[in-house]
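In: need a 3D model of the following:
(chains A, B and C)
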Amino acid sequence: MQAKKFLTGLSAAAMAVKMADVDVITSFPIRPYTGVMMVLSQMVANGELDAEFIHADGEHAQLSIAGAASAAGSRTFTGSSGVGVTFAMENYSPISGGRYPVQMLIADRTLDPPGDFGSEHTDALGCRDQGWLMGWAETPQEVFDNTLMFYRIGEDPRVRLPQFNCHDGYFVSHIPGEVQIPEQSQVDEFLPPYKPVNPLDPQNPVGHGPQIYSDQGPALEAMRANAMMASMPVIEEVVDDFGRIFGRKYPPFVEEYMTEDADFVFFISGAHAHTARYAVRHLREKGAKVGLVKIRFIRPWPTDDIAESLSKFNAVGVVETNTSFGIARGGGILGPEVCASLYDAPQRPLIASFMAGLGGEAITLDDFYFMAKKLSNIAESGRLEKAVYWMGFEE
Amino acid sequence: MRDYTVKIPKEKLLPEAGIVKSPLPNSEQPDMITGGWRILRPVIDKEKCTMCKTCWIFCPDGSIEITENEVRVNLKYCKGCGICANVCPVGAIDRVPELDFDDVPVRLEKLF
Amino acid sequence: METQRVEKIRLDPIKNLLKVPVDEYYVPGHRTCAGCGPALNYRLVAKAAGKDTIFVGPTGCMYVANTSYLCVPWAVPWIHAQITNGGGVGSGIAAAYEARIRKGKYKGKFPNVIVMAGEGGASDVGLQSLSGAMYRNHDFLYICYDNESYANTGIQTSPMTPYGARTTFTPPGPAVPEGKKLWPKDLARMIVCGHPSVQYVATASIGYPIDLMNKVRKALNREGAAFMHIHAPCPKGWGFPTDRTIEIAKLAIETGMWTLWEYENREYKINKETKKYKPVSQYLETQDRFSHLTAEHKAKIQNFVYQKLATLGIKVPAKAVAA
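Out: Below you'll find the model as predicted:
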């Protein structure tokens, strides 16, 4: 019997970490993710969770300790936000290349300068090339579910990769929502104990990470690329199994919402999809042929699923809650990846990017209505007025 | 769905994640043989040697072997640093030019 | 964090050279320089620690030179760390074993966890990581092998490089006659003074291998964090012939440029009394990195040595005079 609770995203994550019987947790405070560590420390203090709760000397240390604990055979958990995520960056490639399935919760936050606690996805997206799985949760329920699913996917012997478990700072981390908490027996059935491969153990001595000569580089990189791609069928298996055990069936990569006969769609990742759903319903009531396509995994980027989905429409509005100054087409990070996915498709929609929610601002219903108007014009006229719109600065 | 995997031929495969097996204790590491570095070879005078083990403890490469009745240099790995000769309390070790020995790779077989 | 301790293997003190264990856990076949002090240090530490050991190797000579290419010379588990995080990686391994043993997920003894960091990683770019690990008092041993430069990248200055040493970042010239102007940190005493939970801190030298190995064993036998700072002369970086590594290590002790001490039970103990210190110039003259120094520079170094010895409670003359 699943119990229904009203939890913030951070509390939901902590609950999932507890039920996953994590062995080592590394903490360091930074807004807005800190709450997950506060809840976990209380759980450890109460004896509800038996884990080493380490006070790391900074985010770089959090990742160093977590990666090493995983190398020595532990299921590990860490997290951060904003410049904490970028401070730890030296460690991301060593951890993914070492194939240590650490899970890092990112309650995302705008990068400095200056200090801005509000949500933007740039902190995590800036690390998308480091070989970790990465995806955003839209609600506290999805945070709880992703926490369990990401461990299962990342620890799978065919994959063995670390995971960035992301959600929007404040919108998801701090605003409570309904979360079905399963029975421990259900979690145990879904997520077996971690079986490390060649951990650091004097009973079976191995060396992790010797220096290589450059001619040894290509094979190691190709093997890591294959591990990332091998995660795709595993993701499909895991969402099926999750649905079977917990009764919530997620699409593996791409969710389509009210797209049946849509002319144009919003393409989005994360919390603002929640508002987008209301906007889509309201617009549909007024006769607009609009839909929503939500992406669940940024890495591995589901090229074929996106091509198949988006090629059905005449116009796509990529909602970008991130920045990448000087990037191709001048918008955000998702736009070029969407364009690349569609490059070989027989039918390609017109694509416009909408820079929205920057700095942690809400993306309002009015914002979505504005985007819909622009997309409707694009779909009808068959022409782009321009490739990028900056919400709040448009007429 | 396209296949994105890289086909790596078996002979080009490397250990997954670059994790390698450790050598056994008291064995050797065959992927870095260093005897060819030597310019001066240590030669131990068995008459003078007192088996005190000083040369053995100070060899950075573990290339001095002590058995029941002799002290021997592991010529496969010895780099010829000369620490053994420097620390020997009775001066039993000489450093002799490597090319003066018969067992070096390049040797003049006969005159012209 | 209080835990139910699982017995670690207890290591007995080594009485003399003939009683040193013969098993090698750092086997021949590594790309370290001929006469490399840090390599000898590794061999001695591995020998003292034995087979229930996991080494952590932050980037540096003892990483790159030892593992070139895609191979390892340790007969015990080993993992690479970044130069910035030896303390963190050691902490993670210790924490993993605490959790796994306590939760019944690992059946075996708690291993010796030893970080082997160059002094660049320990005193400079990895200092925060070292301090964090000492503060948290994980059950592990952090060894700083000190060859007095960032050696692996081609001999650049580190905070442990002595005043007046030539490195490729502190070359002497008319504008900077002494080469290196800055005085080195005192890393071992930083650890003592700043981390009250740490019960064992010691200096050692490869010139005194029995003392070194016994200190390693003492540190490993204790529960909690321990720190050792080991002097390991470097023929390439210091500019001396490869056969004189041990001779120079001993000369450092005899001139006071290095001192063997232990901090245990909240007390300092000098391990090797030197009745009459030789003048530092005898040490400086053996190494090319000091060949540009004038008598005035050497007098400054002599005074610095006297001050350091005095803080350890060793009687020294009042002040040096330029010869």
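In: please enumerate the helices of chain B.
Out: Using DSSP state H, the helices of chain B run over residues B:54-58, B:83-87.
In: and the nearest residue to C:Thr32 once chain neighbours are set aside, what is it in contact with?
Out: Among residues not flanking C:Thr32 along the chain, C:Ala39 sits closest, at 3.9 Å (Cβ to Cβ, 6 or more residues apart in numbering or on different chains). (Glycine included, C-beta is placed from N, CA and C.) If you count contacts by Cβ atoms under 8 Å, 6 or more residues apart in numbering or on different chains, C:Ala39 has them with B:60-61, C:26, C:30, C:32-33, C:62, C:65-66.
In: could I get these as a markdown table with pLDDT and distance to B:Val96?
Out: Shown next, in a markdown table, are those (pLDDT from 0 to 100; distance: Cβ to Cβ, whole Å):
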| residue | pLDDT | distance to B:Val96 |
| --- | --- | --- |
| B:Pro60 | 98 | 20 |
| B:Asp61 | 98 | 18 |
| C:Tyr26 | 98 | 27 |
| C:His30 | 97 | 24 |
| C:Thr32 | 98 | 23 |
| C:Cys33 | 98 | 21 |
| C:Met62 | 98 | 31 |
| C:Ala65 | 97 | 27 |
| C:Asn66 | 97 | 29 |
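In: show the pLDDT at B:Asp102.
Out: Predicted confidence (pLDDT) for B:Asp102: 86.
In: list phi and psi for it.
Out: As for B:Asp102, its main-chain torsions (degrees, to the nearest 10) stand at phi -70, psi -30.
In: that one: neighbour count?
Out: 5 (other Cβ atoms under 10 Å in any protein chain shown).
In: ok, now how distant is it from chain C?
Out: Look at B:Asp102 and chain C: by Cβ to the nearest Cβ, to the nearest Å, they are 23 Å apart.
In: most centrally placed residue in chain B?
Out: B:Tyr77 (0.7 Å; Cα atoms, centre = their mean).
In: may I have the helix or strand containing C:Asn303 as CSV, with CA atoms only?
Out: Here C:Asn303, judged by DSSP states H and E, is contained in helix C:295-311. Backbone C-alpha positions of helix C:295-311 (Å, rounded to 0.1, in the frame of the first residue of the first chain) are rendered in CSV as follows:
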residue,chain,number,x,y,z
ALA,C,295,77.1,33.6,1.5
GLU,C,296,74.4,36.0,2.5
HIS,C,297,71.7,33.8,1.1
LYS,C,298,73.2,30.8,2.9
ALA,C,299,73.3,32.7,6.2
LYS,C,300,69.6,33.4,5.9
ILE,C,301,69.0,29.7,5.4
GLN,C,302,71.2,28.9,8.4
ASN,C,303,69.1,31.2,10.5
PHE,C,304,65.8,29.8,9.2
VAL,C,305,67.1,26.3,10.2
TYR,C,306,68.0,27.5,13.6
GLN,C,307,64.6,29.0,14.1
LYS,C,308,62.8,25.9,13.1
LEU,C,309,65.0,23.7,15.4
ALA,C,310,64.3,26.1,18.2
THR,C,311,60.5,25.8,17.8
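In: quick one: it to chain centroid distance?
Out: In terms of Cα atoms, centre = their mean, to the nearest Å, the centre of helix C:295-311 is found 22 Å from the chain centre.
In: which strands and helices sit next to it?
Out: Using 3 or more Cβ pairs under 8 Å, 6 or more residues apart in numbering or on different chains; DSSP states H and E, the elements in contact with helix C:295-311 are helix C:280-284.
In: what about stretch C:65-74, start to end distance?
Out: Its start and end residues considered, stretch C:65-74 measures 13 Å (Cα to Cα, to the nearest Å).
In: does chain A sit close to that stretch?
Out: Yes - for stretch C:65-74, a contact with chain A is found by Cβ under 8 Å from any Cβ of the partner chain, at C:67-72, C:74.
In: could you give the mean pLDDT of the helix holding C:Asn303?
Out: Throughout helix C:295-311, pLDDT has a mean value of 95.
In: one more: stretch B:33-44?
Out: 96.
In: just stretch B:9-18 next, same as before
Out: Over the span of stretch B:9-18, the pLDDT mean works out to 94.
In: and stretch A:139-148, by the same measure?
Out: Mean predicted lDDT for stretch A:139-148 stands at 98.
In: now the buried members of the residues of stretch C:65-74 next to chain A.
Out: C:67-68, C:70-72, C:74 (16 or more other Cβ atoms under 10 Å in any protein chain shown).
In: kindly reformat those as TSV containing pLDDT, secondary structure and distance to C:Leu18.
Out: TSV is the format used below for those (pLDDT from 0 to 100; DSSP: H, G, I helix; E, B strand; the rest coil; distance: Cβ to Cβ, whole Å):
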residue	pLDDT	secondary structure	distance to C:Leu18
C:Thr67	97	helix	33
C:Ser68	93	coil	35
C:Leu70	95	coil	38
C:Cys71	96	coil	33
C:Val72	97	coil	30
C:Trp74	98	strand	25
